[in-house]
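Q: coords please:
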Amino acid sequence: MPTRKLVFNVAPEGRPTSPLDVTGYLFDARGALLASAPVSDGRLVVEADARRLVRATLYLAPTSAEVGRPSIAAMRRVGAYSPAVALRPDAAITVKIPEDLWRRWLFCVTRVVGRVVRPVELGGEIHELGVCEARVHVCEVDPFPRIFERLPDVQILRIRDELLRLVEPPRIRLPRPIPDPTPLRLPRLDARLVTELRAEPATIRVGAVEAAASASEPFAAMMSPAETRLLREARALAGGELAAASARVELPTALRNALAGSAPAPLRAALIANTEVLMPILCVWPWIWRFVRYDEIKVVTTDAHGRFEALVLYPCDGDKPDIYCWVEYAIGGSWTPVLKPPAACATRWNYASGEEIILRVRDARVPWCEAPPTLPGKRVGVLTLGRSISVHQVDQSTGLAPGGRPLGGSVEPSVWFGEDLQQGDGATHYKWSYRRLAADLTPVEGWIAADERIVARHYGVIDGGGVIHFKSHKLGPDEAITDDSLFQIPPRDPPAGSWAPQLNPRDNAASAYVLSGSRTEHQRLPNGPYELKLELFDASGGAPVRVTGVDFQIPPADVAAPFDTGDELTLVPAPASYLIEEAGEVVGFRMIVRIDNGACTAMIHPTEVPGGAEECGFITFDAPTTSATLRFTAAHDNDYATFAFSLVRGRCAVTSAAAAGTVGSTPEDGYALDVAGAYARALAISTLLAPLPPLCPDGCRNGAFAEHLHVYALATDGWGRLTYLDAHAVAAFALAHS
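A: From the prediction side, this is the model:
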């Protein structure tokens, strides 16, 4: 193809103290780069396809600028100069760089530092372990004013409408009927919030819960473990159906006044003038994400600790850079993005030089390179049952977990073994056993080994082609020991590669499985109190020998599980009631747990109206003063359950007829337990047909009703409530004048 040479004589206006280091970039009419070259001795020479020089554009930018991939957007970002000159291949073209412009080309340096980590649960705690050999793409996001400058008028008006919704506190609409907050959540909720959640109309004011629930899923990938748990709990409060909403913001008076107008131009100017206030809001508006643009300026590789560092230049008299980073990792021989949230949610606006950026990668295919922390010495930390029950918070007089909850399903103790246990004449194996107790906690059966299921740990190995292979390291039962059911103490290092508990966090946390029940077989063990026992053995010589004098430790009684990275957890010596001693030597660890896999019962009885006649669910009555008796059964064999009853007329809830409480106890909602063990309450028909504002503001002559009863089992396996033990019932009736 024919090419033409263009020659430019480039000189600065004024008198710079030293020669300017400038590079020229030539773009065609579509913004594609044709050529680039440095300015040498005041001359810029570029050669390009002659056919693409029509309407081509020249840009001059400081060579030291972080241009990244050359583009017209990058030129604007670094403040490049585009002279208004005709491109004539037949003559030298003179270009003067304005003094006010080249003075802005004097750059300062920002140091972008951070770590790429994998949040990993080890021994009941979340640890953030470094990811090495990951590539971090360091990008600079267009300043906020440019985002608003390029938005179409229709989007400017949309921003106005969105902001007007934030002037007054918005409200979240919850689904009807509202499910009673699960027992696992009740102890952690503020009483006022619980009341509002169960009030009618079913709304709560925007607050910390809504702020967490409104976060987008991509943004959740950037959260710390504690923030992630808050998001999960906020959504659980509303059954996972919270409407997307923005947290309340305080808008400056000038901006609020501008929102009253309908002309895009002044609105755009007001948005540009108030960019600092609007920065945090972008993340909750997914429709605006595509307008947030960025340019890649550096690609750096993490070191052996997952750390990275990049130097970014920016005009000293300009705004501080807005930094956005995303991560890729070599998977299957190719570089694959493993963390790339929307720039609107993950940008560090006005980034302060040297401020550490933590990039949390949760992709299960990405291993970490740091050795996991260990428990020093010959100690054994018995931490949790499942993930959410601290062993020190299980009542040893009843065996109940916090909140009066029994254990059920698969009971899985989590143990952290000290790094020196296997040194010298220490322990090589451990064993969990259990036995049933009577009501007075005396044994009624002998010890049974918890060996019905294999315990293993997963690890990952990366081959020469970059492909990850996940493998399983069996801990037990150890088949090499024939006369006992022993399990190997987990080694510090896997057979190869690195440990990969992210493959199945639950399986990689359990030290044993006490299989008391399941979804298909509720009661594999009789309900009641049980004693669990942990012993250590030395089987290095073939015949296992019980190890004595072990230092068993547990979490403090005032620290609840699950343990997050923000928690300060120092294990404490296990109290004497947890220890098994023989001849003055500690030979094991014990604890009492109550197991109950009983299923709930939910039944709604027919509504009774004295003197009324019932036909196919229609009940006739003579006078509104007549009462209707609502009656239902919410039961559990040992009362380890809660219930929630609601009544809906048409599409409006009759809150005066609602009830909630613990099974077996009388609720504070006007209901009473009758001789048959059912909850009953008589309400005047005039009350049932009364106005129900705001959706049903008028009273009714006749009415159709739906009754909903939910009975929630309190039993938990430490990972979640055993919802398969719940019971639900629905019934309907109608009231009509005779």
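
Q: In this protein, which strand is the longest?
A: Longest strand in the chain by number of residues (criterion: DSSP state E): strand 107-122.

Q: Report the distance from that one to the chain centre.
A: In terms of C-alpha atoms, centre = their mean, to the nearest Å, the centre of strand 107-122 is found 20 Å from the chain centre.

Q: Can you list the buried residues in that strand?
A: For strand 107-122, a neighbour-count test (16 or more other C-beta atoms under 10 Å) marks 107, 110, 112, 114-122 as buried. Using the backbone N, CA and C atoms, a C-beta is placed for each residue, glycine as well.

Q: Quickly run through the sheet partners of that strand, with directions.
A: strand 125-130 (antiparallel), strand 307-315 (antiparallel), strand 356-360 (parallel) (DSSP bridges).

Q: got the buried residues for stretch 388-406?
A: Using 16+ other C-beta under 10 Å as the test for burial, stretch 388-406 gives 388-394, 396, 399-402, 404-406.

Q: CA atoms of it as PDB?
A: This file holds the C-alpha atoms of stretch 388-406, laid out as PDB (Å, rounded to 0.1, in the frame of the first residue of the first chain):
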ATOM      1  CA  SER A 388     -21.200 -21.000  63.100                       C
ATOM      2  CA  ILE A 389     -21.200 -22.600  66.500                       C
ATOM      3  CA  SER A 390     -18.300 -21.900  68.900                       C
ATOM      4  CA  VAL A 391     -17.700 -24.900  71.200                       C
ATOM      5  CA  HIS A 392     -17.300 -22.600  74.200                       C
ATOM      6  CA  GLN A 393     -20.900 -21.200  73.600                       C
ATOM      7  CA  VAL A 394     -22.600 -24.600  73.700                       C
ATOM      8  CA  ASP A 395     -24.300 -24.900  77.100                       C
ATOM      9  CA  GLN A 396     -22.700 -27.800  78.900                       C
ATOM     10  CA  SER A 397     -25.700 -28.300  81.200                       C
ATOM     11  CA  THR A 398     -28.200 -28.700  78.300                       C
ATOM     12  CA  GLY A 399     -26.000 -29.300  75.200                       C
ATOM     13  CA  LEU A 400     -27.900 -26.500  73.400                       C
ATOM     14  CA  ALA A 401     -26.100 -24.100  71.000                       C
ATOM     15  CA  PRO A 402     -26.700 -20.300  71.400                       C
ATOM     16  CA  GLY A 403     -30.300 -19.400  70.900                       C
ATOM     17  CA  GLY A 404     -31.500 -22.600  72.500                       C
ATOM     18  CA  ARG A 405     -30.800 -24.600  69.400                       C
ATOM     19  CA  PRO A 406     -30.200 -28.400  69.300                       C
END
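
Q: and it, how far from the chain's centre?
A: That offset, for stretch 388-406, works out to 26 Å (C-alpha atoms, centre = their mean).

Q: Next: stretch 660-667.
A: 33 Å.

Q: which residues touch it?
A: Residues outside stretch 660-667 that contact it (C-beta atoms under 8 Å, 6 or more residues apart in numbering): 180, 198, 600, 634-636, 639-645, 659, 668-669, 672-673, 679, 711.

Q: If we use 7 Å, what do you get?
A: The set of residues external to stretch 660-667 that reach it, using C-beta atoms under 7 Å, 6 or more residues apart in numbering, is 180, 198, 634-636, 639, 641-644, 659, 669, 672-673, 711.

Q: Tell me which of those fall in strands.
A: 634-636, 641-644, 659, 672-673, 711.

Q: Need those residues in JSON lines (columns: pLDDT).
A: What follows is these, written out as JSON lines (pLDDT from 0 to 100):
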{"residue": "A634", "pLDDT": "96"}
{"residue": "A635", "pLDDT": "95"}
{"residue": "H636", "pLDDT": "96"}
{"residue": "A641", "pLDDT": "96"}
{"residue": "T642", "pLDDT": "95"}
{"residue": "F643", "pLDDT": "95"}
{"residue": "A644", "pLDDT": "94"}
{"residue": "A659", "pLDDT": "93"}
{"residue": "A672", "pLDDT": "91"}
{"residue": "L673", "pLDDT": "91"}
{"residue": "V711", "pLDDT": "96"}
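
Q: CSV for these, including distance to K96 and neighbour count?
A: Converted to CSV, the ones in strands among the contacts of stretch 660-667 look like this (distance: C-beta to C-beta, whole Å; neighbours: other C-beta atoms under 10 Å):
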residue, distance to K96, neighbour count
A634, 86, 30
A635, 90, 20
H636, 87, 24
A641, 84, 27
T642, 80, 24
F643, 83, 25
A644, 78, 21
A659, 84, 21
A672, 94, 11
L673, 94, 14
V711, 83, 26
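
Q: Between these, which sits nearest P70?
A: Taking C-beta to C-beta as the measure, P70 lies nearest A644 of those, at 62.7 Å.

Q: Pairing partners for the closest one in the sheet, please.
A: According to DSSP bridges, the residues that bridge with A644 are A660, H710.

Q: same deal with the one 5 residues further on?
A: Note on R649: beta-bridge partners C652, F705, judged by DSSP bridges.

Q: Tell me where the stretch 551-700 of the chain is predicted with low confidence.
A: 564-568 (pLDDT under 70).

Q: And the pLDDT at the nearest residue to R118 once chain neighbours are set aside?
A: Leaving aside its sequence neighbours, R118 sits nearest to W368 (C-beta to C-beta, 6 or more residues apart in numbering; 4.4 Å). For W368, the model assigns a pLDDT of 79.

Q: residues contacting W368?
A: W368 neighbours (C-beta under 7 Å, 6+ apart): 118, 120, 129-131, 498.

Q: Distance check, Y59 against P38.
A: Using C-beta to C-beta, to the nearest Å, Y59 is found at 13 Å from P38.

Q: again, but for P667
A: Using C-beta to C-beta, P667 is found at 81 Å from P38.

Q: now swap in S414 and tell me
A: Counting by C-beta to C-beta - S414 and P38 are separated by 62 Å.

Q: And S71, by the same measure?
A: Applying C-beta to C-beta to S71 and P38 gives a distance of 18 Å.

Q: next one: V514
A: Plainly put, V514 is 73 Å away from P38 if you go by C-beta to C-beta.

Q: neighbour count winner among those two?
A: Counted by other C-beta atoms under 10 Å, V514 and P38 do not tie: V514 has more neighbours, with 26 against 11.

Q: what about the residue nearest to the more buried one when sequence neighbours are not counted, how many neighbours?
A: Spatially, and ignoring its direct neighbours in sequence, V514 is nearest to V411 (4.1 Å; C-beta to C-beta, 6+ apart). Applying other C-beta under 10 Å, we find 27 residues neighbouring V411.

Q: quick check, nearest of the contacts of W368 to V587?
A: V120 (32.5 Å).

Q: Would you mind naming the residues that pair with that closest one in a beta bridge?
A: Taking DSSP bridges as the rule, V120 bridges to H127.

Q: Any buried residues in the longest helix along the chain, and which?
A: When the chain is parsed with DSSP state H, its longest helix is helix 153-167. Neighbour counts over helix 153-167 (16+ other C-beta under 10 Å) mark 155-157, 159-160, 163, 166 as buried.

Q: What of stretch 406-413?
A: 406-413.

Q: do the same with stretch 55-72
A: So stretch 55-72, judged by 16+ other C-beta under 10 Å, has buried residues 56-62, 65-68, 70-72.

Q: Among the residues you listed, name the least confidently predicted one.
A: E66 (71).

Q: any idea of the pLDDT on the residue nearest to that one when sequence neighbours are not counted?
A: Sequence neighbours aside, I297 is the residue nearest to E66 in space, at 3.9 Å (criterion: C-beta to C-beta, 6+ apart). In this prediction, I297 carries a pLDDT score of 85.

Q: Next, find the distance separating I297 from D451.
A: Noted for I297: a distance of 57 Å to D451, by C-beta to C-beta.

Q: More neighbours: those two, which one.
A: Legend: neighbour count by other C-beta under 10 Å for I297 and D451, higher for I297 (24 against 19).
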